[in-house]
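1. Structure, please.
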Amino acid sequence: MSHPRWAGGEQRHRGTITQGPILRICEAHPKPGCADKLLEKFSSTSASVVAGEPGNRGYIFGRGMEGDSGTVLFVSV
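-> As a prediction, the model looks like this:
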């Protein structure tokens, strides 16, 4: 699977080029019993993809809030 280059930084907003970090949020709803496996995959595959990108400021992954164990999140800046 190929991954997009996430060097980020340059964005267009109403015809103006701006600079700044990009926040990416991946929300997944895995099949029952598969959340732990997906979190494990986030910790290896997804984390290594964003960690090597220029401008990466960090990432976090885990289960959804408010006791929603069916939601898994991966967030990177």
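2. For the rest of this, base every contact and every neighbour count on C-alpha atoms.
-> OK.
3. show me what contacts the closest residue to residue 61 other than its chain neighbours?
-> Closest residue to residue 61 apart from its sequence neighbours, by CA to CA, 6 or more residues apart in numbering: residue 74 at 4.3 Å. By CA atoms under 8 Å, 6 or more residues apart in numbering, the contact set of residue 74 is 25-27, 42, 59-62.
4. Average pLDDT for the biggest helix by length in the chain, rounded please.
-> Scanning the chain for the longest helix, with DSSP state H as the assignment, gives helix 35-41. Average pLDDT, helix 35-41: 88.
5. chain center to the helix or strand that that helix is followed by, what's the gap?
-> Going down the chain from helix 35-41, the next helix or strand is helix 47-51, by DSSP states H and E. Remark: helix 47-51 is offset 9 Å from the chain centroid, using CA atoms, centre = their mean, to the nearest Å.
6. Just the strands from the protein, written as ranges.
-> With DSSP state E, the ranges of strands along the chain come out as 9-13, 16-20, 24-28, 59-63, 72-76.
7. Serialize those to a markdown table and add fields for mean pLDDT.
-> Formatted as a markdown table, the strands of the chain follow (pLDDT from 0 to 100):
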| stretch | mean pLDDT |
| --- | --- |
| strand 9-13 | 59 |
| strand 16-20 | 71 |
| strand 24-28 | 88 |
| strand 59-63 | 87 |
| strand 72-76 | 88 |
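8. Dump the ones you listed to JSON lines, plus distance to residue 47.
-> Output for the strands of the chain, formatted as JSON lines (distance: least, CA to CA, whole Å):
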{"stretch": "strand 9-13", "distance to residue 47": "19"}
{"stretch": "strand 16-20", "distance to residue 47": "21"}
{"stretch": "strand 24-28", "distance to residue 47": "12"}
{"stretch": "strand 59-63", "distance to residue 47": "7"}
{"stretch": "strand 72-76", "distance to residue 47": "9"}
